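1. Dropping the sequence and predicted coords here.
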Amino acid sequence: MLSAQDLAVIRESLGREPTEVERACFENLWSEHCSYRSTKRLLSTLPTAGRDVIVGPGDDAAVVRFSRSCAIVVGMESHNHPSYVDPYHGAATGVGGIVRDVVSMGARPIALMDPLYFGPLSHQKNRYLFEHVVSGIGDYGNCIGVPVTRGEVVFDEGYSGNPLVNVVCIGIVAPERYLTGRVRSPGNRLVLVGSSTGRDGLGGASFASRDLSAEASTEDRPSVQIGDPYTEKLIIDAVLEMADTGRVLACKDLGAAGLAGASSEMCSNFGALIHADRVHLREKGMRPAEIMLSESQERMLLEVATGDVPLIGSLAEKYDLAWSDVGEVIAEPHYIVMFRDEVVADIPIQMLTKGAPLCQWKSRAYEATKPFRRPDIPLKALAIAVLSHPEVASREWVYEQYDHDVQTRTISIGGDVAVLRLEDRALALSCGCNPRHIYLSPYEGTANAVVENASNLACTGSAPLCIVNCLNFASPVHPEVFWQLEECVRGLGDMARRLEIPVVGGNVSLYNESDELGTQIKPTPSIGMIGSGELRRPEPPGEGEELALVGRTGRHFGGSILDAVAGCGGVPPPVPDISIIQRVRCLVEKGQVKWATDLSQGGLMGALASLPMGARINISGEPLETLFSESYGRFLVSFQKEADMHDLPFAVIGEIHGESLSIVTDAGSIVLDHEELTRARGSLTSLMRY
Amino acid sequence: MRFAVLRFGGSNCDLDTYRVLTEVCGVDTDLVWYKEGLKRTYDAVIIPGGFSYGDYLRAGAIASRTPLMREVRRHAKEGGLVLGICNGAQIGTECGLAPGAFTINEYPKFICRQVHIRVENVLTPFTSRFRVGEVIRIPIAHKEGRYVAHPEALERMNANGQVVFRFCDSKGELTPESNPNGSLEYITGIANEQKNVLLMMPHPERASEEILGSRDAKRVFESMIDAVGAGSAVTTGRGG
C-alpha cells in the first residue's frame, strides 16, 4: 500500500487522483527495494570508480575489465523474504533473477556464489528452510548450467524467521560488446521475450520491503514467484545469440516491479509507450495493473530497431520462446500505458523512477560487548565444540548439491576461495561477512569483512578487482538499526578505499525482522569479492611440512565461535595491520609461501582442522587466545624458507603429521584423533542427512 | 573424421564437450541444435549432459522422443558411435539405446563430486586406451544417476561385456562407500550389445585436462578417435 504521504505527493505532482495502474506503479517503484529510499544517501559515499571499472553501480550488473579481451560482469541480490515464505522457489528465483541481470548485460554467466544466513539448525523449521533453500539454489543453478562455486553459511538466532539468501553472479563478455539497460533512441521497439505473464509474484517489490507478519507464510504465498530454470536456460542462450547479432540496443531483466519496473527504468532518459494488451499472458482476464506489475519469472525486455524486430523474433522462436512487441521508446518524457485503446497511465517518467521522497531515520549508537568470562570447560571439549559448530564444520552437504564443475572452468572450490580459469589467468571468488563481529562493532566488523575477503584471495595469490554487496538489515525504523547501517556503509567504504577496491554494485534488503518469532537479524553487510591471479592448482601441504602462523593474535573473543558455543563474551576483533594481505599475496605469488589459509571462524583451531591431514602443533602463550581468538589479518601457511618470512609477524608452530591433531600448550596438551576430527567436521552433514 | 555434439533445449555440457573435442582432442565437431537434424554423416554422435527440457516429466524422457533421437537411433543401428554422457545417458536409456535406466539417487539429492571408476571392458571403441581393471578419477554431477536393470538384462549384460564402468574406491575395490548413488552392482557405464553405444553418468569432458584435476578420461575420446581412424567403429569382443 502507498503511504498517505506518498499518495499526497503523487496527487500534488499529477494534479489529479492517480489511476489504478499509476498507483500500482508508484507503490512498487517507490518501494525501498526499487528506490533505496532509506539508503541512497549512504550508498553515495561508497567508492565506485577504479581503473578497471567499465560500468559501475546503477545498471543491472557492473562491468569490470579482467584482461584486454575479457570483462567480467557481476551482480549481487538478496531473495530473503520470499525464501522464508517458500524456501525452494524463493531461493531458486533469487538465482534466476541475478543470472538474468548478468545476461541482460550481454554476458555469459559463468559462476555463482551464495552466502546464506539461517537460524540455528537445532530448530526443525530452520533445518527445513535450509534444506529447501539449498535444493532450490541447486536445482535452478544446476539446470541452467551455471556452477555455484562458493558460498558461506552462518547460523544465528536472529535469522530464525528471517533467513537470508544472497546470490552473486559472475559473467563474462568482450569489453567492447556489453549491453546496458539504457535505451538509445525514440522510435525503437520494446520487445518482451520469454515466459508468459501471469498473476504470480504480484507486488513482489513492495512485499520485499516490509517485515514479515505472523501470517506471512500463507497469505503472502501469491507474492512468491515460481521459477522455471528450463526457460531461463533458453533465455540465456537466446539473448546471447541475439546480442551476437549486434541488433540488441539495450536489454533489461524483468525483476522487481515487473514490466513497469523494467520498461520505465530502461526508458527513463526518454519516455515509453507500453501496450499492456500486447503482452503474452498465461491467464485470462488480467487487469492492466496486474499485467504491468506481475513478477512472473524468466522474461527480458529488449530495445530493437523496428526493422530488426522480425530477426529478434525468429531467434526467440528458434529457442522455443514466446515474444511480443509491447511498445516503443518515445521522445516525450512520459511513461504511458495503453490498454485496449485507452490510456490507463500517463506519468512524468522521472517522477516514477527517481521521484520517490527519501526517508530520514533517526540513528542511535549502542554498546553490546560483554566482558570476557573464561569458560569453565576443558580445552579439548571446547575444541570439539568449536570444530563441530556448523560454520566451522565441512559444508560438503551443501556444496555437493551444486554442480560446481559445469562449464569446465572450476579448478578448486576447497580452501578459502573458488578458483576458476579464465583465459590464461585465475578468477578468484570469495564472499561473506561475520554478523556476530559486525553486531558488536558495525564499523570495524564491516571493514574486517573486506579485510577477510581480500585475505582469502591473497591465499591463492590473487588481487581484488571489485566488491559487490548486499546490505541486509532489520527495520531502519529502529534508531539502533539505522546506526548499524550508517556504520557498516562507512566501514565498507573506508576499507574499500584503503585497499583500493571499487564497490561496483549491490542491493539493500531492510525489514528483516519477524513479529512471529520476535527476532531481528544481526547487521549483515554481505560481500562478494572478485579477484584475479596466476593460474595454479592449490595443493595442501604434505607430511612433514612445517606450518607457521602469520599475523598478530589478540584476545578477541567477542562474536567468535568460542563465544557462540561457550558464551564467553569479550571484545570483537579490531581492524588489523592490512599491509599483511599484500605481503602474503606476494609470497604466495613467488611460491615462497607454498600454501596458505586465512584464519576466520574458529580461529587457529578452525584452520588446523580444515587441513586434510593431521598435524603436530606446539604453541606458546595463553592457549584459548592462540587457538580460538578471531583476530583478523592472520594466516596459517606452509613455506619454503624461514628467511623469506623475515619481515612478517611469524611463528613456526608445528608440522603436518599423521591423521590426528595434537596440540601441546603451556597448560597441557590435547590430542584429537582421526575419528574425533572426522565426526566434528561431519557435524553439518549428520545434522542434515537423515 | 567428424563428430557431432547434440544440443537440446536445456543441454548444458554441450559447449564443454565441444571445446574438449575441438581444442583438447583436435576433432572436427559440429554443434547440432535439435531442430536442425543430422544433416551430414557423422562418425560419432555425443549426447551431452545437462537438463534437456528441464528434466521435466523424467530425466531424458522428452528429448528421447524428438525426431533428432530417431536419427541418432538410426545412426547407431548403422554402426556409428554414440556416447551419452549424464543426461545424454538418461536420454539414451529412455530411447532404448542400451538396457536399464538411470533413476533417482539413493540419497535423493543432487550429488557433484570426484569419484573413482573401474574400467571393466577395454574391447569397446570407447575404452581401447585403458587397461582392464584400471581405476580412473572422474567427476559425477547428477540427481538421477542410480543405475537399475531387470535381473535377466543384467545377467546378459555381464555375460556380454556390456558393463563398461563401475564405481569403486581408489584401489579399485567395490565398497559400499564408493557407490555414491546406490547403482545396481556399482554400474555407471553401459554399452549396447554391439558396443558402438556407451552411456555413462560420469563426465569425461570434465576429466580431460590436468588443470581441472584429472585427465584420465580424455582417453574415452581418444579411444573413439582411434576407432574411427581405424575404420572399425564396431567391435564385438568381450572384455574383462
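-> Sure, I can see it. These numbers come from a predicted model, not from an experiment.
2. low-scoring stretches of the chain, by residue?
-> I'll assume chain A. Flagging of chain A using pLDDT under 70 yields the residue ranges A:201, A:203-224, A:690.
3. right idea, wrong chain: chain B
-> The model of chain B has pLDDT under 70 over residues B:232-240.
4. all strands for it, in order.
-> In chain B, strands defined by DSSP state E lie at B:3-7, B:29-33, B:44-47, B:81-85, B:101-103, B:111-119, B:135-142, B:146-148, B:163-168, B:187-191, B:197-200, listed in chain order.
5. so can I have JSON lines of those strands showing mean neighbour count and distance to chain A?
-> The C-beta positions use only the backbone N, C-alpha and C, and glycine is treated the same way. As requested, these are arranged in JSON lines below (neighbours: other C-beta atoms under 10 Å in any protein chain shown; distance: least, C-beta to the nearest C-beta, whole Å):
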{"stretch": "strand B:3-7", "mean neighbour count": "26", "distance to chain A": "9"}
{"stretch": "strand B:29-33", "mean neighbour count": "19", "distance to chain A": "7"}
{"stretch": "strand B:44-47", "mean neighbour count": "28", "distance to chain A": "15"}
{"stretch": "strand B:81-85", "mean neighbour count": "27", "distance to chain A": "12"}
{"stretch": "strand B:101-103", "mean neighbour count": "22", "distance to chain A": "16"}
{"stretch": "strand B:111-119", "mean neighbour count": "21", "distance to chain A": "5"}
{"stretch": "strand B:135-142", "mean neighbour count": "22", "distance to chain A": "4"}
{"stretch": "strand B:146-148", "mean neighbour count": "21", "distance to chain A": "16"}
{"stretch": "strand B:163-168", "mean neighbour count": "25", "distance to chain A": "15"}
{"stretch": "strand B:187-191", "mean neighbour count": "29", "distance to chain A": "16"}
{"stretch": "strand B:197-200", "mean neighbour count": "28", "distance to chain A": "15"}
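6. Dump those into a markdown table; add distance to residue A:185 as well.
-> Putting the strands of chain B into a markdown table (distance: least, C-beta to C-beta, whole Å) gives the following:
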| stretch | distance to residue A:185 |
| --- | --- |
| strand B:3-7 | 35 |
| strand B:29-33 | 33 |
| strand B:44-47 | 45 |
| strand B:81-85 | 47 |
| strand B:101-103 | 52 |
| strand B:111-119 | 46 |
| strand B:135-142 | 45 |
| strand B:146-148 | 56 |
| strand B:163-168 | 58 |
| strand B:187-191 | 56 |
| strand B:197-200 | 53 |
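7. Kindly report the residues of chain B close to chain A.
-> Remark: the part of chain B in contact with chain A comprises B:9-10, B:12-13, B:15-16, B:19-20, B:33, B:35, B:49-51, B:53-56, B:107, B:109-113, B:139, B:141, B:143, B:203, B:205-206, B:209, B:211-213, using C-beta under 8 Å from any C-beta of the partner chain.
8. So which bits of the stretch 101-250 of chain A are right by chain B?
-> Contact residues of the stretch 101-250 of chain A with respect to chain B, defined by C-beta under 8 Å from any C-beta, are listed as A:135, A:138-139, A:142-145, A:228-231, A:233-234.
9. Using a markdown table, lay out these together with secondary structure and distance to residue A:533.
-> Compiled in a markdown table, those are given as follows (DSSP: H, G, I helix; E, B strand; the rest coil; distance: C-beta to C-beta, whole Å):
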| residue | secondary structure | distance to residue A:533 |
| --- | --- | --- |
| A:135 | helix | 33 |
| A:138 | helix | 28 |
| A:139 | helix | 32 |
| A:142 | helix | 28 |
| A:143 | helix | 31 |
| A:144 | helix | 27 |
| A:145 | coil | 25 |
| A:228 | coil | 37 |
| A:229 | helix | 32 |
| A:230 | helix | 36 |
| A:231 | helix | 36 |
| A:233 | helix | 31 |
| A:234 | helix | 35 |
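10. Name the residues of stretch B:206-214 that are buried.
-> In terms of neighbour count (16 or more other C-beta atoms under 10 Å in any protein chain shown), stretch B:206-214 has its buried residues at B:206, B:207, B:208, B:209, B:212, B:213, B:214.
11. Go ahead and name everything in contact with that stretch.
-> For stretch B:206-214, the external contacting residues (C-beta atoms under 8 Å, 6 or more residues apart in numbering or on different chains) are A:405, A:408, A:410-411, A:421, A:535, A:537, B:16, B:20, B:24-25, B:114, B:136-139, B:141, B:215-218, B:221.
12. now, which of the residues of chain B next to chain A lie within helices?
-> Residues from those lying in helices, with DSSP state H as the criterion: B:15, B:16, B:19.
13. Return the distance of the nearest residue to residue B:95 once chain neighbours are set aside relative to residue B:88.
-> With sequence-adjacent residues excluded and distances taken as C-beta to C-beta, 6 or more residues apart in numbering or on different chains, residue B:95 is closest to residue B:64, at 3.8 Å. The span separating residue B:64 from residue B:88 equals 10 Å under the rule C-beta to C-beta, to the nearest Å.
14. So which residues of the stretch 1-150 of chain A form helices?
-> Under the criterion DSSP state H, counting those that start in this stretch, helices of the stretch 1-150 of chain A are mapped to A:4-14, A:20-29, A:32-35, A:40-43, A:80-85, A:87-103, A:124-144.
15. in the second one, what counts as buried?
-> I take that to be helix A:20-29. Going by neighbour count (16+ other C-beta under 10 Å), the buried part of helix A:20-29 is A:21, A:22, A:23, A:24, A:25, A:26, A:27, A:28, A:29.
16. quick one: contacts for the third one?
-> I take that to be residue A:23. For residue A:23, the contacting residues are A:2, A:10, A:289, taking C-beta under 8 Å, 6+ apart as the criterion.
17. check contacts around the residue in the stretch 451-600 of chain A positioned nearest to chain B.
-> Nearest residue of the stretch 451-600 of chain A to chain B: residue A:537, at 6.4 Å (C-beta to the nearest C-beta). Shown here is residue A:537, whose contacts under the criterion C-beta under 8 Å, 6+ apart are A:411, A:412, A:419, B:211, B:213.
18. Would you mind listing what in chain A touches chain B?
-> Taking C-beta under 8 Å from any C-beta as the contact definition, chain A meets chain B at A:135, A:138-139, A:142-145, A:228-231, A:233-234, A:318-320, A:399-408, A:410-411, A:421, A:535, A:537, A:689.
19. Can I get the buried part of these as one PyMOL selection?
-> When burial is assessed using 16+ other C-beta under 10 Å, the buried subset of these is captured in PyMOL by this command:
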select buried, chain A and resi 135+138+139+142+143+144+145+228+229+230+231+233+234+318+319+399+400+401+402+403+404+405+406+407+408+410+411+421+535
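20. Would you check how far apart residue A:357 and residue A:471 are?
-> The span separating residue A:357 from residue A:471 equals 20 Å under the rule C-beta to C-beta.
21. When the two are compared, which one has more neighbours?
-> Applying other C-beta atoms under 10 Å in any protein chain shown to residue A:357 and residue A:471 shows that residue A:471 carries more neighbours, namely 25 against 12.
22. these two touch, right, the more buried one and residue A:503?
-> No. With contact defined as C-beta atoms under 8 Å, residue A:471 does not reach residue A:503; the gap is 10.9 Å.
23. what's residue A:456 sitting at in phi/psi?
-> Per-residue torsions, residue A:456: phi -60, psi -50 (degrees, to the nearest 10).
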